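>>> no sequence on this one, just coordinates:
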């Protein structure tokens with residue numbers, strides 16, 4: 001996940017402000033690339049917080065049905081579809097970031113903190129329900145990490161579409 005994240009950050013760091021803020025003109029609800037990155041940062045922050053909470057609460061068993069739902073949901077993220085953010089996950093809805101640097105500083109900080117928790121406490125939370133996703137129920141640590149990796153890949157696709165849309169819009173625009 002870290003290598004994929006680093007490549008994404010390296011790629012978008014070279015973009016102009018216009019490219020980072022581009023939204024498809026036919027979709028008022030679409031997120032620009034800065035908002036997608038903010039969403040990924042907020043998602044990682046929530047994951048870190050739930051890992052910390054898992055260490056302080058009684059262990060939760062992940063049922064076979066939850067495991068199956070999680071696998072199906074994770075596979076659905078590989079499809080080029082748009083998903084609605086559930087209301088219960090409002091905390092990871094992106095804001096209107098000031099600039100790329102601010103988002104990346106926050107995301108790097110969250111990523112480092114999460115990495116430290118997983119390094120120090122990963123074995124303590126490996127086999128219990130770490131996150132409770134509204135679509136699947138509880139996921140254990142390995143499934144949660146897989147979810148976040150595929151979630152990142154899902155948004156990489158979205159970011160690539162933003163880039164292509166920006167290029168097309170500017171190549172056909174009379175301005």
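Right, received. Where do you want to start? Quantities reported herein were computed from a predicted structural model and do not represent experimental measurements.

>>> Look up phi and psi at residue 133.
Taking degrees, to the nearest 10, you get phi -80, psi 140 for the backbone angles of residue 133.

>>> Where does pLDDT dip in this structure?
Along the chain, segments meeting pLDDT under 70 span 1, 172-175.

>>> redo that, cut-off 90
1-2, 24-29, 54-55, 77-91, 121-127, 134-135, 161, 165-175 (pLDDT under 90).

>>> any idea where the strands of it begin and end?
With DSSP state E, the ranges of strands along the chain come out as 131-133, 137-139.

>>> Return the list of strands paired to the last one, each annotated with direction.
Strand partners for strand 137-139, identified by DSSP bridges, are recorded as strand 131-133 (antiparallel).

>>> so how far is the partner strand from its chain's centroid?
The chain centroid and the centroid of strand 131-133 are separated by 14 Å, computed with CA atoms, centre = their mean, to the nearest Å.

>>> Show me which parts of it are buried, residue by residue.
131, 133 (16 or more other CB atoms under 10 Å). Backbone N, C-alpha and C define where each C-beta goes, glycine included.

>>> what helices or strands is the helix ranked longest in the chain leaning on?
Longest helix of the chain, by residue count under DSSP state H: helix 141-172. Identification of packing neighbours for helix 141-172 by 3 or more CB pairs under 8 Å, 6 or more residues apart in numbering; DSSP states H and E yields helix 2-12, helix 17-21, helix 33-54, helix 64-76, helix 100-125, strand 131-133.

>>> I'd like the distance from stretch 112-125 to the chain centre, please.
With CA atoms, centre = their mean, you get 18 Å for stretch 112-125.

>>> my bad, stretch 54-65
Worked out by CA atoms, centre = their mean, stretch 54-65 lies 22 Å from the chain centre.

>>> before we move on, what about stretch 25-44?
The answer for stretch 25-44 is 10 Å, by CA atoms, centre = their mean.

>>> How about stretch 111-131?
Centroid separation for stretch 111-131 versus its chain: 17 Å, with CA atoms, centre = their mean.

>>> buried sites along that stretch?
For stretch 111-131, a neighbour-count test (16+ other CB under 10 Å) marks 111, 113, 114, 117, 118, 125, 128, 129, 130, 131 as buried.
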